[in-house]
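[1] Sequence plus the predicted model coming up.
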Amino acid sequence: MDPTIIIDSLPSLLEATLMTIFLAGISIVIALIIGFFTAIVRIVKVRVLNGIANIYVSIIRGTPLLVQIFVIYYGLPQIGIALDPISSGVLALSLNAGAYLSESFRASILSVDNGQMEASMAMGMTYSQALRRIILPQSLRIAIPTLSNSFIVLIKDTSLVSVITVTELLQMSSLIIAKTFEPLTIYLVAATIYWVLISFFTNLLDKLEIKTSRYLVR
Amino acid sequence: MSIIQIHQLKKSFGTNEVLQGIDLSVSKSEVVVIMGPSGSGKSTLLRCLNFLEEPSEGTIQIGEFQVITGGKIDSKRKKAIRELRKRTGFVFQSFNLFPHKTAIENVMEGPIVIHGAKKEEARKLGEALLTKVGLGDRCDYYPAQLSGGQQQRVAIARSLALNPMVMLYDEPTSALDPELVREVLQVIKDLAQEGMTMIIVTHEMSFAKDVADRVVFMDNGVIVEQGTSEEIFGNPKEERTRQFLSSVE
Ligand SMILES: Nc1ncnc2c1ncn2[C@@H]1O[C@H](COP(=O)(O)OP(=O)(O)OP(=O)(O)O)[C@@H](O)[C@H]1O
Ligand SMILES: [Mg+2]
């Protein structure tokens, strides 16, 4: 292993890391929105939408992410929807994470004790007031561990969009290896960067979890 | 004049008819205690009064609010049910306090959301009500930091905050350790003294003797007999009542 190769390649790898963070960051925001509304639609059983939501979640969970990426990037142009690699990547990652997040949201909303909804209704709240003020704040706390987990998975999954030529961390590593012929060094550097990144976010989310559950601590 | 009028109230779960035509009127400031064996339909009756359970048949009138049962569920009907709920306090066996809110926030929630009160007014009201139930010094505690008896008193204060016409209690002390029962019953007694109209489902016989203007004995979804506590406890007319009373003593 040659340390100068690490030093030389580090700037490019860090720049590509920004792309990884960008992909994960923007996808998680979109996925949270998709996941939240999908969960609500399925819990309230909104007509028609409920069926669509069920099919969406089932398809996403039942197919590999790599296939989803290929369908969006290589498949959609055939029916006139041509997206650039980054948009395709973001779309695939958001749809994928959104389906999993909707499951965690749904489970966490349903796990709030039924007495909470009854107490809210008994005082004359509307269903949406009860959901907003009483149920969701509690379910969010329950959801945070699984939400963190989804986010971590999402960061790792960004590496898959390297196959459609998005220059994120893994794709950049491969490009550098093509020039330096040092796969072990470069891939280990990439792995370290992933590890640091994920540890950082795991820590951050753990802190958030502790903060939001303070009212349960005696 | 009666403030609650229940006429031929029926409720079935599937083919199981749990309430088989209940007639009951409650006058203003009256305290009615409902007793009866497990599964006789006491909770269901109380929950129907607040539409936590949708009655299958019959009419319920509370004050000026009447909701026809078994109607179509449209927004007008939902609103009528909400209006009725706003004026009836419901106290659960398991308290059901909002765990992510402090004691005072629990009490403030109704005034703010339902009455559109300002935070400051709601806080004043909350402090006054928590003081009234003996918890003036626990305003900023979370439910998890309170004993069961304290939690139930916060729950009573939370219901009172909406200035209800009637209070409904479903076994308010059944989930409590014996030594915590008295403090909750005392709060309910104080409310009786002030003239609050109340329906209380409870197994606390001595409390019922103390506080009830009328005791209603239910079995198998019907009211078997009712009367003053002296009549029901001292000299029950029906065999089923006698059996029940000897089984709990
Ligand atoms: N949601 C429900 N679905 C189906 N059956 C129910 C439901 N709630 C109550 N029941 C049934 O209705 C009957 C009356 O129940 P209810 O809870 O009103 O009795 P109770 O008098 O309050 O009894 P307890 O003293 O045990 O609280 C029981 O047979 C019960 O199994
Ligand atoms: Mg009951």
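    Cool, the structure landed. Numbers count the residues shown, from 1 in each chain, chains lettered A, B, ... in the order given. Ligands and ions are numbered 1, 2, ... in the order given.
[2] from here on, contacts and neighbour counts on C-alpha atoms
    Will do.
[3] what ranges do the helices span in chain A?
    A:3-44, A:49-62, A:65-70, A:85-110, A:114-122, A:127-130, A:136-157, A:169-180, A:183-212 (DSSP state H).
[4] So for chain B, which of those helices sits nearest?
    helix A:114-122 (5.6 Å; CA to the nearest CA).
[5] The closest one and ligand 1, any residue contact?
    No - residues of helix A:114-122 contacting ligand 1 under CA under 6 Å from any ligand atom: none, with a closest distance of 11.9 Å.
[6] and the angle from that helix to helix A:136-157?
    Going by axes from the mean of the first three to the mean of the last three CA atoms, to 10 degrees, helix A:114-122 is angled at 130 degrees with respect to helix A:136-157.
[7] Give me the buried positions along helix A:114-122.
    A:116-122 (16 or more other CA atoms under 10 Å in any protein chain shown).
[8] is any part of that helix close to chain B?
    Yes - judged by CA under 8 Å from any CA of the partner chain, helix A:114-122 and chain B are in contact via A:115-116, A:118-119, A:121-122.
[9] which helices and strands sit right next to the longest helix seen in chain B?
    Across chain B, the longest stretch assigned as helix under DSSP H is helix B:178-193. Helix B:178-193 sits against helix B:148-160, helix B:205-211, with contacts defined as 3 or more CA pairs under 8 Å, 6 or more residues apart in numbering or on different chains; DSSP states H and E.
[10] where does the helix or strand following it sit relative to the chain's centre, distance-wise?
    Using DSSP states H and E, the helix or strand that follows helix B:178-193 towards the C-terminus is strand B:197-201. Centre-to-centre, strand B:197-201 and its host chain are 5 Å apart (CA atoms, centre = their mean, to the nearest Å).
[11] before we move on, what about stretch B:219-239?
    The answer for stretch B:219-239 is 20 Å, by CA atoms, centre = their mean.
[12] how long is it end to end?
    12 Å (CA to CA, to the nearest Å).
[13] Repeat that for stretch B:12-19.
    7 Å.
[14] comparing the helices and strands packed on helix B:178-193, which gets the lowest mean pLDDT score?
    Per-stretch mean pLDDT for the helices and strands packed on helix B:178-193 is lowest at helix B:205-211 (a mean of 93).
[15] If you count contacts, what does it end up packed against?
    Against helix B:205-211 (3+ CA pairs under 8 Å, 6+ apart) you get helix B:178-193.
[16] quick one: the helix it packs on to strand B:197-201, angle?
    150 degrees.
[17] Enumerate the positions of helix B:178-193 that are buried.
    B:180-181, B:183-185, B:187-189, B:191-192.
[18] sorry, back to before: I'd like the helices of chain A as CSV, with mean pLDDT appended.
    Below are the helices of chain A laid out as CSV (pLDDT from 0 to 100):
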stretch, mean pLDDT
helix A:3-44, 94
helix A:49-62, 96
helix A:65-70, 97
helix A:85-110, 96
helix A:114-122, 97
helix A:127-130, 94
helix A:136-157, 90
helix A:169-180, 94
helix A:183-212, 91
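[19] Out of those, which gets nearest to residue B:148?
    helix A:114-122 (15.7 Å; CA to CA).
[20] contacting residues around stretch B:41-51?
    For stretch B:41-51, contacts defined as CA atoms under 8 Å, 6 or more residues apart in numbering or on different chains pick out A:122, B:11, B:18-19, B:34-36, B:53-55, B:60, B:81, B:84-85, B:88, B:90, B:168-170, B:201, B:218-221.
[21] So the residue nearest to residue B:8 when sequence neighbours are not counted: helix, strand or coil?
    The shortest distance from residue B:8 to any non-neighbouring residue, by CA to CA, 6 or more residues apart in numbering or on different chains, is to residue B:21 (4.2 Å). The three-state label given to residue B:21 by DSSP: H, G, I helix; E, B strand; the rest coil is strand.
[22] was I right about residue B:21 contacting residue B:224?
    No - using CA atoms under 8 Å, residue B:21 is not in contact with residue B:224; the gap is 11.7 Å.
[23] which other helices and strands contact the helix or strand bottoming out on mean pLDDT in chain B?
    Within chain B, no helix or strand scores below strand B:65-68, which has a mean of 82 by mean pLDDT, DSSP states H and E. Here strand B:65-68 is seen to pack against strand B:57-62, helix B:75-86 when contacts are counted using 3+ CA pairs under 8 Å, 6+ apart.
[24] Take those and write them to TSV, including mean neighbour count, distance to chain A and mean pLDDT.
    Conversion of the helices and strands packed on strand B:65-68 to TSV gives the following (neighbours: other CA atoms under 10 Å in any protein chain shown; distance: least, CA to the nearest CA, whole Å; pLDDT from 0 to 100):
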stretch	mean neighbour count	distance to chain A	mean pLDDT
strand B:57-62	20	14	91
helix B:75-86	17	5	90
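[25] Kindly reformat those as TSV containing distance to residue B:124.
    Shown next, in TSV, are the helices and strands packed on strand B:65-68 (distance: least, CA to CA, whole Å):
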stretch	distance to residue B:124
strand B:57-62	28
helix B:75-86	20
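[26] ok, so what distance separates the residue sitting furthest away from the middle of chain B from residue A:78?
    Distance from the centre of chain B peaks at residue B:120, with 28.4 Å (CA atoms, centre = their mean). According to CA to CA, residue B:120 and residue A:78 sit 62 Å apart.
[27] Point out the most buried one among the helices and strands packed on helix B:178-193.
    helix B:148-160 (a mean of 26; mean count of other CA atoms under 10 Å in any protein chain shown).
[28] before we move on, the earlier item: which pLDDT value goes with the residue nearest to residue B:8?
    93.
[29] give the contact list for it.
    Applying CA under 8 Å, 6+ apart, the residues near residue B:21 are B:7-10, B:58, B:221-222.
[30] repeat that for 10 Å
    B:6-11, B:57-58, B:221-223 (CA atoms under 10 Å, 6 or more residues apart in numbering or on different chains).
[31] sorry, back to before: redo the helices of chain A as a markdown table? Include distance to residue B:128.
    Shown next, in a markdown table, are these (distance: least, CA to CA, whole Å):
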| stretch | distance to residue B:128 |
| --- | --- |
| helix A:3-44 | 38 |
| helix A:49-62 | 46 |
| helix A:65-70 | 58 |
| helix A:85-110 | 33 |
| helix A:114-122 | 22 |
| helix A:127-130 | 25 |
| helix A:136-157 | 27 |
| helix A:169-180 | 60 |
| helix A:183-212 | 29 |
